[in-house]
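# Sequence below, structure please.
(one chain, ligands or ions: 1)
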Amino acid sequence: MANFFKDNDDLQYYFDKGVDWDSLAQITEHDFADADGEGFRNTEEAVEFYRDIIEMFGQFTAEEIKPYEREIDENGVDFVDGEVVFPERLAGIFEKINELDLHHLPIPRELGGMNAPMMLYFMNSELMARADVSAMAHHGFHAGIAMAAVVFSALEGSSDIDPVTGRINETRWRKMVEEISAGKAWGCMDITEPDAGSDMGALRAVGEQDADGNWYVTGEKIFITSGHGKYHFVIARTEGADPDDPMGGLNALSMFLVKAYEDDAEGKRTRIVQLSRVEEKLGHHGSATCGLVFDKAPAELVGKRGEGFKYMLTLMNNARLGVGFECLGLSESAYRAAAEYAAGRGSMGKTIDRHEMIAEYLETMKTEIQGIRAVAVTACFHEEMAQKLALAIRYGELGKNEKKQMKRSMKSHQKIARRLTPLLKYLAAEKAVEHARTSLQIHGGNGYTKHYLPEKLLRDALVMPIYEGTSQIQALMAMKDTLGGIIKNPQAFVKRLAQTRWRALSSRNPLERRVAQLQTVSLSAQQHLVLRTAGNKVRGLRRKPIGEWTDELTKNWNPKRDFAFAMLHAERLIQLLGDTAIAELLLAQADKHPERADVLERHLERAEPRARYLLDQITSTGHRLLEKLSPVAAESTSQAAE
Ligand SMILES: Cc1cc2nc3c(=O)[nH]c(=O)nc-3n(C[C@H](O)[C@H](O)[C@H](O)COP(=O)(O)OP(=O)(O)OC[C@H]3O[C@@H](n4cnc5c(N)ncnc54)[C@H](O)[C@@H]3O)c2cc1C
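Below you'll find the predicted structure:
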C-alpha cells in the first residue's frame, strides 16, 4: 500500500528522533491536566496518536489524492452564477477528509478538534502537497483560519481560559470555529488589492464605524485563496494617511472578521460580499483564487483599531511555515518523479541516473530537500512553542519565578522562529521552482509534454516565491533583522565573529570546523554590508572598528539612503543565511545522530563554494547600479567603503 509517510526516511527521522515531542505534547496538553477526561496521560500516549494520524494521512494522500492530481489540474474549479463550484472529484476528497475528522486536527478538543500540535498538522500538509499542492492550499484554509480565530480571541483578551487546565471555556468566535471544524465552511485571509500587494502601506480598503459603533468594510480585494469561503479575516484602513507614520502607513491598518454570506435553513444563500471573479492561473488549479468586492460589509474589529498589522503577522507567520511545508511536498514529488524516470530511461549504454550530471542533479535535489526540511521542522517547533507559551503566560496561574522563566523561554523561541521563518519561505519556494524545472529537464522531451508530471509541478511551483510575501520581501526582512541586530549590539557581533573564526581553526571535529568556516564567510558578508550601510551615516565611525561604535548608530535612519547597498544584496545575503542555518541545524543533528553526518557533508560540499561566490559578489559588485538608481545613495556607500 502506498504511503507518503512510510516511504519517506527523512520525514520519519524527524518524527522518530528529530522533533521534541515532549515539549510540544506537554504544552499542547497543558501538562496533561485533562488526563482523566479526553486528554492524553503522557507524551508516549500522545505521540502514538500522532503516529496513527500521520500514517493514516500518508496512505490517504498517496492513494486517494495522488492518483487524481492530473484530473484536479485539468478540471480546475468553476465559477457559476457568482459562486465557486468544485468538481466532484475534489469535493469528494474534501468530504473524505471531513469523514476522517482531519479538518480540525490542531483545534482544541473543547472546540470540537483533535488538539494535535501544529507540527503534526504541517507534516501532514507536506504529505498532501506531495499529492497535489492546490488541494493542500485549499485544505489549509480550514484549520488554519479556525486556529487564527482561536489565537486572535486569546490575544485580544476575549477568551475565557481555565488557568489550571488551559481549557477554553469560551472564545469569541466559537460558532465559526465549530462550523469550520465540522467542514461546513471555509475561511480565508484578505490582504492583497489591485494596487497593493507587497506594499501594505498602500492598502485602500477601509473600515468605518457608524454612530452606534458598528463596523463596516468597503473596498476590493484580489487573489484571495479560498475567497469563496464564508469567514474572511480582512485588513482594512481605519485611519487617514499619516506622512510621519514611522511604520510607513501600517499603523493605520486594522483587522476585521467579515462574514461573506449567510445560508438560510433551505440552503438559500444571501451574499454580503460579492465574488467578482475567479482567476485563470498557470497552475494551482484545484484552489480558487478570488476577486472580492466589499460594499459596506458588516465587520467585527479584531483587537484594537490600528493593530491590524500585528494580527496579520501572527497569521502570516503560520501561513509562511505552511508554504514552507507545501514547497517541500512539491519538491519531494518532483525529486521522486525524476529519480524514477532516470532509473528507467536508458541512454548511451546505461540508465540516465548513472550519467554523472544527472546523478549530481538528483543528489542535489535530495540534499536540498533534506536541508529545507531541517529548517521547516525547527522553525515550526519554535513558532508553536512561542505562541503556546505566550498564551500560557497570559492565562495560566503562575508563580513569579515560573512566569519569568517562561517569558525567557518564549523570547528565545520567538527569536529563533523569527530568524528561520523568512529563510524557510525564501529557500523552500525558490527551490521548489528549481526542483520542478530540474525534474522536467531530467525527463527530456517527455518532460515538456502533459503526459508527464513535471510540467504541472513547474506551473504549480511558480507561485510559491510570490504568495505569502515574495522572495524579495523575505530577503529584505532577513537583511533588516540581521543588520539591525548587529547595529544594535556591535560588540556582540564582534565577539561572535572572533569565536567563530577560532572554532573554524581549532575545533577538533572537522565537520564543526567546516560549519564554522561557512559561518565566517556569512559573518564577513554581514560585516561588509554593515560597514557600507552604517559607515557613511556617521562619518566619524568609518575608521573605527565595529565594536567601538556608539549608540549614535541606532538613531535617525533614512532607510532609502542608508540601506540601498544592503537592499541590493539582500537576496545574496538570505542565500548565505539559509545555507549557514541549514549547516548549523544538520551539525546539531549529526552530533546526536551520527547517521545524519552524511546529509551535512552533502550540504557543505554545495554550500561552501556557493558562499565564497556570494561573498565575492557582495564585496565586489553593486556600486555601478546604485549610481544609476540614485547618485546620492551611491555616493554615500562608496565613501563608506573607502
Ligand atoms: C495563486 C495566488 C494566491 C494568493 N493568495 C492570496 C491570499 O490568500 N490572500 C492575499 O491577501 N493575497 C494572496 N495572493 C496575493 C499575493 O500575496 C501577492 O501577489 C504578493 O504579495 C505580491 O504582491 P503583488 O502581486 O501586488 O506584487 P508586487 O508587490 O507589485 O510585486 C511585484 C514584484 O516586485 C517586487 N517588489 C515589490 N516591492 C519590492 C521591494 N521593496 N524591494 C524589492 N522588490 C520588491 C516583488 O517581490 C515582486 O517580484 C495570492 C496570489 C496568488 C498568485
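# which helices and strands sit right next to the helix or strand in which residue 427 is found?
Residue 427 belongs to helix 400-442 when assigned by DSSP states H and E. For helix 400-442, the elements it packs on are helix 308-344, helix 356-395, helix 444-447, helix 454-461, helix 471-488, helix 570-592, judged by 3 or more Cβ pairs under 8 Å, 6 or more residues apart in numbering; DSSP states H and E. For the C-beta atoms, the positions are set from N, CA and C on the backbone; glycine is no exception.
# Just put those helices in TSV and tack on mean pLDDT, mean neighbour count and distance to residue 111.
TSV is the format used below for the helices and strands packed on helix 400-442 (pLDDT from 0 to 100; neighbours: other Cβ atoms under 10 Å; distance: least, Cβ to Cβ, whole Å):
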stretch	mean pLDDT	mean neighbour count	distance to residue 111
helix 308-344	96	23	17
helix 356-395	97	21	14
helix 444-447	98	14	46
helix 454-461	98	24	33
helix 471-488	95	20	32
helix 570-592	98	22	34
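# what about the ones you listed, which gets the closest to residue 142?
helix 308-344 (11.9 Å; Cβ to Cβ).
# Following the chain onward from the closest one, which element is next?
strand 346-347.
# in the stretch 501-642 of the chain, what residue is nearest the ligand?
Proximity of the stretch 501-642 of the chain to the ligand (Cβ to the nearest ligand atom) peaks at residue 567, 6.6 Å away.
# Apart from its neighbours in sequence, what residue is nearest that residue?
Excluding its sequence neighbours, the residue lying closest to residue 567 (Cβ to Cβ, 6 or more residues apart in numbering) is residue 476, at 6.5 Å.
# Kindly report the same for residue 250.
Counting by Cβ to Cβ, 6+ apart, the residue nearest residue 250 is residue 309, at 4.3 Å.
# Touching, the one you found and residue 249? I think so.
No - applying Cβ atoms under 8 Å, one finds residue 309 not in contact with residue 249, separated by 9.6 Å.
# shared neighbours, these two?
Each of residue 200 lies in contact with both residue 309 and residue 249 under the rule Cβ atoms under 8 Å, 6 or more residues apart in numbering.
# Out of the helices and strands packed on helix 400-442, which gets nearest to the ligand?
The ligand lies closest to helix 471-488 among the helices and strands packed on helix 400-442, at 3.4 Å (Cβ to the nearest ligand atom).
# how about that closest one, does it reach the ligand?
Yes - Helix 471-488 comes into contact with the ligand (Cβ under 6 Å from any ligand atom), by way of 472, 473, 476.
# what's the neighbour count on residue 506?
If you count neighbours by other Cβ atoms under 10 Å, residue 506 ends up with 10.
# Next: residue 623.
16.
# Report pLDDT for it.
Residue 623 carries a pLDDT value of 89.
# Check residue 552 too.
pLDDT, residue 552: 59.
# Show me what from this protein comes close to the ligand.
188-192, 197-199, 223-225, 281, 284, 289, 463, 466-467, 470, 472-473, 476.
# Can you turn the buried part of the residues you listed into a ChimeraX selection?
Buried members of the residues of the chain next to the ligand can be picked out in ChimeraX with the line below, counting by 16 or more other Cβ atoms under 10 Å:
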select :188,189,190,191,192,197,223,224,225,281,284,289,463,467,470,472,473,476
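# Next step: the residues of the chain next to the ligand restricted to helices.
472, 473, 476 (DSSP state H).
# Tell me how far the residue of the stretch 501-642 of the chain closest to the ligand lies from residue 160.
Distance from residue 567 to residue 160, counting by Cβ to Cβ, to the nearest Å: 46 Å.
# Looking only at neighbour counts, state which of the two leads.
residue 567 (21 against 12).
# so is that one in a helix, a strand, or just coil?
The local conformation at residue 567, judged by DSSP: H, G, I helix; E, B strand; the rest coil, is helix.
# for residue 97, same thing?
Strictly by three-state DSSP, residue 97 counts as helix.
# Looking from the ligand, tell me which residue of the stretch 251-400 of the chain is nearest.
residue 289 (4.5 Å).
# before we move on, back to that, adding distance to residue 14, write the helices and strands packed on helix 400-442 out as CSV.
CSV is the format used below for these (distance: least, Cβ to Cβ, whole Å):
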stretch, distance to residue 14
helix 308-344, 11
helix 356-395, 5
helix 444-447, 30
helix 454-461, 23
helix 471-488, 23
helix 570-592, 10
